[in-house]
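K.L.:
A predicted structure for the sequence below; I have some questions about it.
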Number of protein chains: 2
Amino acid sequence: MEFTKEIYDYIEQLCKSVKAAESSIANSSLPQRNNVLARIAQKILDNKEAILEANAIDVANAEENGVIPTMIDRLTLNESRIKGISDALLELVGLKDVLGGGDVWTRPNGIEIKRVKVPLGVVAIIFEARPNVTVDAAALCIKTGNAVVLRGGKEAIYTNRVFVALMKEAMKEEGICPEALALVDNTSREGVSVLMGMRQYIDVLIPRGGKGLIRNVVENAAMPVIETGAGNCHLYVDSAADIDMAVKVASNAKNQRPSVCNAIETLLVHSAVAEEFLPKFAEVSKQFDLEIRGCEKTRKILEGAKEATEEDYETEYDDYIIAVKVVDGVEEAVAHINKYNTKHSEGIITNDITNAEYFKKTVDAAAVYVNASTRFTDGNEFGFGAEIGISTQKLHARGPMGLEALTTVKYLISGNGQIR
Amino acid sequence: MEFTKEIYDYIEQLCKSVKAAESSIANSSLPQRNNVLARIAQKILDNKEAILEANAIDVANAEENGVIPTMIDRLTLNESRIKGISDALLELVGLKDVLGGGDVWTRPNGIEIKRVKVPLGVVAIIFEARPNVTVDAAALCIKTGNAVVLRGGKEAIYTNRVFVALMKEAMKEEGICPEALALVDNTSREGVSVLMGMRQYIDVLIPRGGKGLIRNVVENAAMPVIETGAGNCHLYVDSAADIDMAVKVASNAKNQRPSVCNAIETLLVHSAVAEEFLPKFAEVSKQFDLEIRGCEKTRKILEGAKEATEEDYETEYDDYIIAVKVVDGVEEAVAHINKYNTKHSEGIITNDITNAEYFKKTVDAAAVYVNASTRFTDGNEFGFGAEIGISTQKLHARGPMGLEALTTVKYLISGNGQIR
């Protein structure tokens, strides 16, 4: 318990000092914030040796601790990845400012009401061991005038320390209080719990990462949360589908990068086309060694396919595995989707307008596709320029979140003594 | 515990059936929804006897249970209040639809992205014993295509049953599944706890009412919440204030209706004008029997004023009591406000542009006023036509919430086989 009090005091002090520095970044000018980003981009290039050294320690520790290869891959930096992080910062500099502006109107009593965009305040981001996220997430907050508390995965702590020190240096050089950015330099689980209780200092908490992390945050955080990323996505191949298109899109949505949230996990196939579609899909998926788990009807068509259970329909595999279910129409497909999906991205392949309209109207998801791959649910693919994450909740932001998701509004009212 | 399971099952079943009926109202047409509202307006007039009878039972029970007079006043209906409820429904019919529409753009790869406004889904509203809120809250949800779970204060249960039955009748007559609207006909505290856990059926929970209710919901609800209403508001009288305007606005902001959230609780007065302003303010406030609690400097000017403690500065009195603090400038005023306020409405009286700009920029609140009463923070006063509540959080909606706050977005993407 003594230890827990120590963690509590450390994190509370940290959050308090970020909150105290909030106005320094909130009231900074756009040129100041853009200069900070440009300076960070340059510092990252100038200090790549130090970054690579710190990262090597993280990678060695991770290997020693038996971290799985895909996670080590995400953790590892090299010259080209460092260049990529630096380039992304410069792109952000070029993006339009989202603060200020807004509508102005005058009421009959003469008061003028102006609705302006302002930063959220203090944004906390909890994420896993991906050092590029450390810089990316902080940079999006800086661009939008938000103070930020970063809590990255423990495996990346050495790398994160170097990045955060460079970012603070850049803020200081531009006259923005460096305390407006902080790294939680305690990577214990208790630390996360304490952080999730800091409602008085943190305006919004954004979890970026796997399902377990997101569920923990959504269930336990005391402050408002933007839920991101969980993607149990589906593609429905209708009786009126162009089968070649369906095969091409289904394979892309599943096999091109199965680890991401907008990849599909279950394929729903109309019974009228299942015999034509499924063997073709299985054939193109062989090169990816895709494991197919099917319902009874699927297994009659694809001999050797494993059985799909209730649990399969609930699972976001994030892997070369797919569940397949043969259905008797768009209504059954939509009912299945709305029962099992995570409200992320859902697609239909059809040439039938009625079915397409029904699908678009009744599927409950952030992004609904007709005749295109679900893999396009992404801030850059949507043309937003930057992405903080993909919201799967309905409040505040839904779908890919651009810079505007890091702002709120403020009403400024001017009068000359009006009363009610 | 048996009892608790009974409540759990009852509330889960109720939420489940509302969720199942969600698509019936979400996919209804605007004329259908407007007709429902018009029908409810008429039914309320046609059934005023039944409503008044039920309300008389509620009022008699409340009196027997020693409910305080102001609450009984809010609970009590009469012919003119019933007419008011009916009229408000007809006004809502006339308001512009906020669903559908939105931007459309085409990406270089040819996919077309359309961003449309859709209902939130199932909205639950927990409120106190004000029967007009029962109809008003349900009507706002119907207008915006949302299914709704109403949990009103136990003192109004007989009245609420009559209103909800009439509303369901109207929905049925227009071909909208009446299960899309439900009243939680269990007014126990356990019932509220169970309801707050129904994340799988309820998309958003909105508490409308006092501080205790809102805190309970914000701290314990499992689903996203829109926090409303708490208002510890301030007015700062600057050294450059027009003193007559300051007296008029301060008295209006405090005395015109102290029980509402946009009334002020603390007055901050620049030391240079305190001796002129405070006696004038105290004089006009005499007719309201206003109790003034002041800092040391205030008490030197206003002899007989009680002492203001730390607790006073934290308190939303909602009554004819005000705390007064003499400060030495706009910076000190803003620091006090940002320390104690609930991010609702804050005002400054000044003719100094620099001080006004500093105040607007640095005060953290939904609505910031220069030379006008804070009492204007209200959907109707802002010109929104309808109001669901006043959000004091920064996510989704901030300040007075119009119909749009009951919607979210959905991205509809059309292609001809695009893949990544």
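P.N.:
Now that the structure is in, tell me what you want to look at.
K.L.:
now the helices for the stretch 251-400 of chain A?
P.N.:
Under the criterion DSSP state H, counting those that start in this stretch, helices of the stretch 251-400 of chain A are mapped to A:271-285, A:296-301, A:310-314, A:330-340, A:353-362.
K.L.:
what sits up against the third one?
P.N.:
When you say that, I think you mean helix A:310-314. A:232, A:266, A:293, A:323, A:325, A:336, A:340 (C-beta atoms under 8 Å, 6 or more residues apart in numbering or on different chains). No exception for glycine: its C-beta is placed from N, CA and C like everyone else's.
K.L.:
now the strands for the stretch 151-300 of chain A?
P.N.:
A:181-183, A:204-208, A:233-237, A:264-270, A:291-294 (DSSP state E, counting those that start in this stretch).
K.L.:
scratch that, the stretch 1-150 of chain A is what I was asking about
P.N.:
A:104-106, A:112-119, A:122-127, A:147-151.
K.L.:
same thing with the stretch 301-420 of chain A?
P.N.:
Using DSSP E, counting those that start in this stretch, strands in the stretch 301-420 of chain A cover A:306-307, A:321-327, A:345-349, A:367-372, A:389-391, A:399-401, A:407-418.
K.L.:
Relative to A:Val204, how far out is A:Met171?
P.N.:
The gap separating A:Met171 from A:Val204 is 20 Å, by C-beta to C-beta, to the nearest Å.
K.L.:
Compare those two and say which is more crowded by neighbours.
P.N.:
Neighbours per residue, other C-beta atoms under 10 Å in any protein chain shown: of A:Met171 and A:Val204, the larger number sits with A:Met171, 27 against 23.
K.L.:
If we ignore the residues flanking it in sequence, what's nearest that one?
P.N.:
Once flanking residues are discounted, A:Met171 sits nearest to A:Pro178: 4.6 Å by C-beta to C-beta, 6 or more residues apart in numbering or on different chains.
K.L.:
What is the burial count for the one you found?
P.N.:
Counted with other C-beta under 10 Å, residues neighbouring A:Pro178 total 19.
K.L.:
give the contact list for it.
P.N.:
Shown in contact with A:Pro178 (C-beta under 8 Å, 6+ apart): A:21, A:168-169, A:171-172.
K.L.:
wait, doesn't A:Lys361 sit right on B:Ser28?
P.N.:
No: contact status for A:Lys361 versus B:Ser28: not in contact, 11.5 Å apart, counting by C-beta atoms under 8 Å.
K.L.:
neighbour count winner among those two?
P.N.:
Set A:Lys361 next to B:Ser28 and count neighbours by other C-beta under 10 Å: B:Ser28 wins out with 21 against 16.
K.L.:
What sits closest to the more buried one if chain neighbours are left out?
P.N.:
B:Ile176 is the one closest to B:Ser28 (C-beta to C-beta, 6+ apart), at 5.1 Å.
K.L.:
Quick check: that neighbour vs chain A, distance?
P.N.:
The gap separating B:Ile176 from chain A is 16 Å, by C-beta to the nearest C-beta, to the nearest Å.
K.L.:
A:Glu112 contacts A:Thr106, doesn't it?
P.N.:
Yes: contact criterion C-beta under 8 Å: A:Glu112 and A:Thr106 qualify, at 4.9 Å.
K.L.:
neighbour count winner among the two?
P.N.:
A:Glu112 (15 against 11).
K.L.:
Would you mind pulling the contact partners of the helix or strand of chain A with the lowest mean pLDDT?
P.N.:
Within chain A, confidence by mean pLDDT, DSSP states H and E is lowest for helix A:211-220 among all helices and strands, at a mean of 84. With contact meaning C-beta under 8 Å, 6+ apart, helix A:211-220 is reached by A:126-128, A:192-193, A:196, A:205, A:207, A:225, A:227-230, A:316, B:222.
K.L.:
same thing with stretch A:69-85?
P.N.:
A:44-45, A:48, A:51-52, A:55, A:58-59, A:62-63, A:67, A:128-132, A:135-136, A:155-156, A:159, A:259.
K.L.:
Could you list the buried residues of that stretch?
P.N.:
Burial within stretch A:69-85, assessed by neighbour count using 16 or more other C-beta atoms under 10 Å in any protein chain shown, is assigned to A:74-77, A:82, A:85.
K.L.:
can you redo those residues as a markdown table with distance to A:Ala356 and pLDDT?
P.N.:
A markdown table is the format used below for these (distance: C-beta to C-beta, whole Å; pLDDT from 0 to 100):
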| residue | distance to A:Ala356 | pLDDT |
| --- | --- | --- |
| A:Arg74 | 37 | 88 |
| A:Leu75 | 42 | 95 |
| A:Thr76 | 43 | 96 |
| A:Leu77 | 44 | 97 |
| A:Ile82 | 45 | 97 |
| A:Ile85 | 40 | 95 |
